[in-house]
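>>> Need coordinates for the below:
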Amino acid sequence: MKKARLSNLKSTTAPLVLGLAMISNPVFAQDADDEAAAEDSAPIIVTGSRIARPNLDSNSPVSVVTGEQVVANADVTLDTFLNTLPGVNPAGTTTSNNPGNGGQSNINLRGLGSNRNLVLINGRRPMVSATDQTVDLNTIPQGLIERIDVTTGGAGAAYGADAIAGVVNMVLKDDFEGLDLRATYSNTVSEMDAREYQFSGTIGGNFADGRGNIAFSAEYSNRQGLIKAQRPFAAQATSTTGSFPTGSLTNSATNPYSQAAVDALFAGYGVSAAQTPRVNQLAFNSDGSLFGVGTFNSPVDVSNFRYALDSAANPNLRYLPDFYTYNFDIVNILVLPLERKSAFLTGHYEINPAFDFFVQGGYTNYNSATALAPTPVSTGIVNPGSSASVLNARSPLVNLVHDSGAGVGVTAGRITGFVVPVTNPWISNDLRTLLNSRTGNDPNLAGSGAAEGVRIGYRFLGTGLREQQLENEVIQGLAGLRGEFAPGWRYEAYYSWGQTTIDQRATGNVNVQKVQQLLEAPDGGVSLCDGGFNPFGIQPFSQDCVDFVDEVGVTKTVFTQKIAQAYVSGEVAELPGGPLGVVFGVESRKFRYEFDPGALFGPIAGFNTSTPDLGTNSFLDFFGELRAPIMDNLELSLTARHSKSDFNDIQNGIDGAPSKDWAYGGTLSYSPIDSVRLRASYQHSVRAPNFGELFSGGGSFPQIFDPCSVSSNFRTTGGAAATNLCTATGVGPVSTFVATPGAQAFITVTGNPNLKPETSDTFTLGGVFNAGGFTGSIDYYNIKIKDTIFSPDVNEIIASCYGYNDINPNLDPNSPYCDAIGRSGSNMTGIYLPASLGGDASGYFQAVNQGSVKTSGVDVQLGYRLPTPFVSETSAISANLLVSYLIDFKNVGLGGLKTDYAGSASYFGAGLGTSFPRWKGTMNLAWQLDDNLKFDTRVRYIHKMVNRAAKQFIGETFTGPGSIWYFDFGLEANVDALTFRLGLNNAFDRQPETYAPNVQSGTDPSLYDVLGRRAYVSARLRF
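Numbers count the residues shown, from 1 in each chain. Sure thing, here's the model as predicted:
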């Protein structure tokens, strides 16, 4: 039986803390009136340990969320509620359209990544649903959740790989008996355009005189999708694109168009000399003329633009007439649609105390979709004789090799976009004049001078939106035995099997090879499809031609998981503070990943192309735990796990080297007085590489900042050295170059089957108190991850070239960081890392164990319960304040570069969940008027932040989001078996904070509410 000192601390707290969501808090189980009875109650397994404890207490920071809290605000996905906790960084959510998350729902503890925390059901691993081996919360039945335990600060020794940041354990209802029906509906109040509804039912009962129980839960959920045009803050993109549906002319630094020819042409259009564009600022009108796209933040505006504002040219009105850029955001999805059907079965039958047979099974099927603006083409084109990847298109208009300069051998020729032969019949007389003005030689293109092909950029309106239709099907089953085989000794053994199948249909893709066929045809492609293809301006594009170039991508991903685990737990000796508890166990985990890219394996523009993958990884773990109540006020617990992992890339015939690792940790709890308990913990955890890191990798186009713009602080204060470095890295003419905001640069990271696990060390130190009617806790955490599975940050590479940090302070153009920067027509287009920085022959980076991530902070909770007997005997006001302060979030990147991202808001390409406000807080207030009526409110706060780019490009100016408050209200009434609830989320219709550069939609849509005021109603019937 638990000794008095620790028990007294728990008294009087349950009505407050168990009923409210919290993070890093004191965790208590009973009302004060039930304390004595609870002393003799059945043991409870606490997340973070398999040792049964007399009450729900923990020496590590553990959060508890009740099942009722999860569904109270009519959220149809678990992440929507969990993301409101201060210790959670919203990542993959309902708004993850680009970067996409396939409609999946994830949780990200401490901002360390969804793949660095572990999701469990009843302490056991459910089926994974992604290449990073994360669990999709959509597969977990909301109706069966009794509570959710969140252990932060590492639990790798207890649960194995992936638990670096902590564990989220979904504890399901045990021995459920009766019928529980629930229906919810929510929508935005004024717009009525964000409908969500859910129906769920749970039925269960006991049998065999209570020795057996079976429960079944089924749910149907539906979420209406939104596009960005439906919200004014998101309707106009805050970033830009250099890919226009009008087509654009790409200038060559070594074979440029004559500026005199451009001047004469635009003088003929009636454009003044002061507004005449430069040779690298030209695009096409549909009548054969050209227009100047303008220069950002300069006197040179858009000139001779002959499209209507509401035409298919869709100019971004944030920037017109300063410069022209296509408004790609207006048709993108803001909130993903979702239709989910799920069923879950759980049951057990106790043959006798030594043999309790248990089963668990689940089925989830859901459909979701993403949508992006029509396809911009940035696919590479090489000579037909090139040995480059088949992901590139081929054209004889591109040289096989070209001189790399200064007599240093040859390099394969490659361009991005399209190349048009000068014989193409769609070339207008105006454009022909400019083509004939060329007198140089582009080493990437065949021929020289006026005979070289015409390089153009283009966005395909004709093939429509890039859409993904996704269907996820998850099947999982588990069976096992447990029981007490000797006094004080228990065992559990189970086997689980699961399979996730993801079918994806991607439309709107363009086969670049077939487009090149149209462009290179002597008749402009008329002989290949009806009407051919005219890329100069927005021109008719027949359905026959759409069918010719369109490439529907049908891909299939299959994950298979097999887990077997067995352990025994018991008491081996009596110590002054209670029995010495131990656990010994073994676990085998086997995973298989198969990806079939279908037609997307080739020179396809649209959704990222991929290569086929087939691989396995497996683990064999031995683990143990010890809990020692040394004295009645002092307790020590220890955990250890030895893991052997093996990875195999079957697709490429590569066997990874086996790895052996230890995870271990300990916690200490000390109560010097009845009202105070001090606690400390240390955890050494590991995270094994996942499928994406081992086998897949992939390309991306993160948003970048270009220091070579004439208006940048780098250029205005850097003098000749800055100008010379920009010239050396491919900018010309450097005196007039201005990069438009929101530019993107390509980078590719490839998988590595020889990756080793990441390791981490976590310390927590804190205390729990109960005095003067207040309960509370304060906990400090410090997590450092070493040997991180590393992918380079594009903007860190750019900043390292141009002297924003200590890596290249002398602005040496021979720096390998500068060698990594690829430009086209002065604009930065890609990062191709040299061998000295880990690049391969194509400039692609192979994932390696390198660098580190370190974060620390403080979590505080304060609670109070005030009885209000003047209303009724059971009436009381309860308050709970949760505050999280982030001290630092330090990342060590390529070349040992150290950056602290604490207090910064993220941008596109930095990854989901990478905004790190210093302060986050949640205040829960509830007034229980009587047994049948309750009013509650939730107040949330997110502190202001600087832009992540300001941390990387010190001295430059970027905007960041301000502080924001959200207020949610609810009213709940009980009438016999019926519970009726209605409420308002974001009651004051607080719009999201906007800033630039940003993640998407002018903001971070994972962190801030993009819907606005939302009303909900729910009804629950229980028998």
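
>>> neighbouring strands for the longest strand anywhere in the chain, and are they parallel or not?
Under DSSP state E, the strand in the chain containing the largest number of residues is strand 550-575. Applying DSSP bridges to the sheet, strand 550-575 is found paired with strand 489-511 (antiparallel), strand 578-596 (antiparallel).

>>> next one: it to chain centre, how far?
22 Å (C-alpha atoms, centre = their mean, to the nearest Å).

>>> just to revisit the earlier point, export the strands paired with strand 550-575 to TSV and tack on mean neighbour count?
For every residue, glycine as well, the C-beta is placed using N, CA and C. Below are these laid out as TSV (neighbours: other C-beta atoms under 10 Å):
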stretch	mean neighbour count
strand 489-511	19
strand 578-596	19
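
>>> From residue 536, how far out is the closest residue in space to residue 535 that isn't next to it in sequence?
The shortest distance from residue 535 to any non-neighbouring residue, by C-beta to C-beta, 6 or more residues apart in numbering, is to residue 247 (4.9 Å). From residue 247 across to residue 536, the span is 5 Å (C-beta to C-beta, to the nearest Å).

>>> Tell me the residues that contact both of those two, please.
Jointly contacting residue 247 and residue 536 under the rule C-beta atoms under 8 Å, 6 or more residues apart in numbering are 284, 456.

>>> In the protein, what helix or strand scores lowest on average pLDDT?
The weakest-scoring helix or strand in the chain, judged by mean pLDDT, DSSP states H and E, is helix 14-17 (a mean of 30).

>>> ok so residue 138 is a strand residue?
No - assessed by DSSP: H, G, I helix; E, B strand; the rest coil, residue 138 does not belong to a strand; its assignment is helix.

>>> ok, back up a step: tell me which of the strands paired with strand 550-575 approaches residue 97 most closely.
Closest approach to residue 97 among the strands paired with strand 550-575 (C-beta to C-beta): strand 489-511, 13.7 Å.

>>> Moving C-terminal from the closest one, which element do we reach first?
helix 512-520 (DSSP states H and E).

>>> Pull the distance from that following helix to the chain's centre.
That offset, for helix 512-520, works out to 36 Å (C-alpha atoms, centre = their mean).

>>> Next: stretch 482-492.
Chain-centre distance of stretch 482-492: 42 Å, with C-alpha atoms, centre = their mean.

>>> and that stretch, average pLDDT?
In this model, stretch 482-492 has a mean pLDDT of 93.

>>> For residue 776, see how far away residue 360 is.
For residue 360 relative to residue 776 (C-beta to C-beta), the value is 37 Å.

>>> and the residue nearest to residue 535, what is it in contact with?
For residue 247, the contact set (C-beta under 8 Å, 6+ apart) comprises 283-284, 456-458, 535-537.

>>> which stretches of the stretch 751-900 of the chain form strands?
Applying DSSP state E, counting those that start in this stretch to the stretch 751-900 of the chain gives strands spanning 758-771, 774-786, 789-790, 821-824, 827-831, 845-846, 848-849, 852-867, 876-892, 898-900.

>>> Relative to residue 103, which of the ones you listed is closest?
It is, among these and with distance given as C-beta to C-beta, strand 789-790, at 25.2 Å.

>>> Look at residue 613 and say how many residues are nearby.
Look at residue 613: counted by other C-beta atoms under 10 Å, it has 23 neighbours.

>>> That one is in contact with residue 651, isn't it?
Yes - using C-beta atoms under 8 Å, residue 613 is in contact with residue 651, at 5.5 Å.

>>> Identify the contacts common to these two.
residue 695.

>>> quick one: the residue of the chain positioned farthest from its centre from residue 261, how far?
When distances to the mean C-alpha position of the chain are computed (C-alpha atoms, centre = their mean), the maximum falls on residue 268, with 51.0 Å. Taking C-beta to C-beta as the measure, residue 268 falls 11 Å from residue 261.

>>> Also residue 289?
Residue 289 is 14 Å from residue 261, by C-beta to C-beta.

>>> quick one: contacts for the closest residue to residue 668 other than its chain neighbours?
Leaving out its chain neighbours, the residue that sits closest to residue 668 by C-beta to C-beta, 6+ apart is residue 680, at 5.0 Å. The contact partners of residue 680, by C-beta under 8 Å, 6+ apart, come to 59, 667-668, 763-766.

>>> Next up, identify which helix or strand residue 680 is on.
Using DSSP H and E, residue 680 sits within strand 676-687.

>>> what about stretch 269-277, distance to the chain center?
46 Å.

>>> Likewise for stretch 257-272?
47 Å.

>>> Identify each buried residue in stretch 814-834, please.
Buried residues in stretch 814-834, defined by neighbour count with 16 or more other C-beta atoms under 10 Å: 815-833.

>>> Can I get that stretch in CSV? Just the C-alpha atoms.
Extracted as CSV, the C-alpha positions of stretch 814-834 are listed here (Å, rounded to 0.1, in the frame of the first residue of the first chain):
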residue,chain,number,x,y,z
ASN,A,814,35.4,29.0,-54.1
SER,A,815,33.5,28.0,-50.9
PRO,A,816,31.8,24.6,-51.4
TYR,A,817,28.6,26.2,-50.2
CYS,A,818,28.7,28.6,-53.1
ASP,A,819,29.5,25.7,-55.5
ALA,A,820,26.2,24.2,-54.3
ILE,A,821,24.1,27.0,-55.6
GLY,A,822,22.6,26.6,-59.1
ARG,A,823,21.1,29.5,-61.0
SER,A,824,19.3,29.9,-64.3
GLY,A,825,19.0,33.4,-65.8
SER,A,826,20.4,34.8,-62.5
ASN,A,827,17.6,33.3,-60.5
MET,A,828,18.4,30.6,-58.0
THR,A,829,16.9,27.3,-59.1
GLY,A,830,18.5,24.5,-57.1
ILE,A,831,21.0,23.3,-54.6
TYR,A,832,23.5,20.7,-56.0
LEU,A,833,25.9,19.8,-53.2
PRO,A,834,29.6,19.1,-54.1
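
>>> which helix in this structure runs the most residues?
helix 713-728 (DSSP state H).

>>> Give the other helices and strands that it contacts.
Packed against helix 713-728 by the contact rule (3 or more C-beta pairs under 8 Å, 6 or more residues apart in numbering; DSSP states H and E) you find no helix or strand.

>>> Buried residues, the helix or strand just after that helix. List them.
Per DSSP H and E, the first helix or strand lying C-terminal to helix 713-728 is strand 747-750. Applying a neighbour-count criterion of 16+ other C-beta under 10 Å, one finds 747-750 buried in strand 747-750.

>>> and for strand 747-750, what are the contacting residues?
697-700, 702, 791-792, 794, 830-831, 840, 842-847.

>>> cool, and stretch 562-569?
Counting by C-beta under 8 Å, 6+ apart, 50-52, 124-125, 489-497, 581-591, 623, 625 sit against stretch 562-569.

>>> Thought residue 456 was touching residue 248, still the case?
Yes - judged on C-beta under 8 Å, residue 248 makes contact with residue 456 at a distance of 6.4 Å.

>>> so who does residue 830 touch?
Here residue 830 is in contact with 416, 745-747, 822, 843 (criterion: C-beta under 8 Å, 6+ apart).

>>> same thing but 10 Å
Neighbouring residues of residue 830 by C-beta atoms under 10 Å, 6 or more residues apart in numbering: 378, 380, 416, 699, 701, 704, 744-748, 794, 820-824, 843.

>>> same thing with residue 501?
129, 365, 471-475, 556-560, 594.

>>> now with 6 Å?
473, 558 (C-beta atoms under 6 Å, 6 or more residues apart in numbering).

>>> Can you give me the distance of it to residue 127?
Plainly put, residue 501 is 11 Å away from residue 127 if you go by C-beta to C-beta.

>>> One more: residue 162?
Using C-beta to C-beta, we find residue 162 at a distance of 14 Å from residue 127.

>>> Between the two, which is the more surrounded one?
Taking neighbours as other C-beta under 10 Å, residue 162 and residue 127 compare with residue 162 leading, 29 against 24.

>>> Test my guess that the more buried one contacts residue 688.
No - in this structure, residue 162 is not within contact of residue 688 by C-beta atoms under 6 Å, at 7.2 Å.

>>> before we move on, back to that, so which bits of the longest strand of the chain are buried?
Going by 16+ other C-beta under 10 Å, strand 550-575 has these buried residues: 550-551, 553, 555, 557-561, 563, 565-571, 575.
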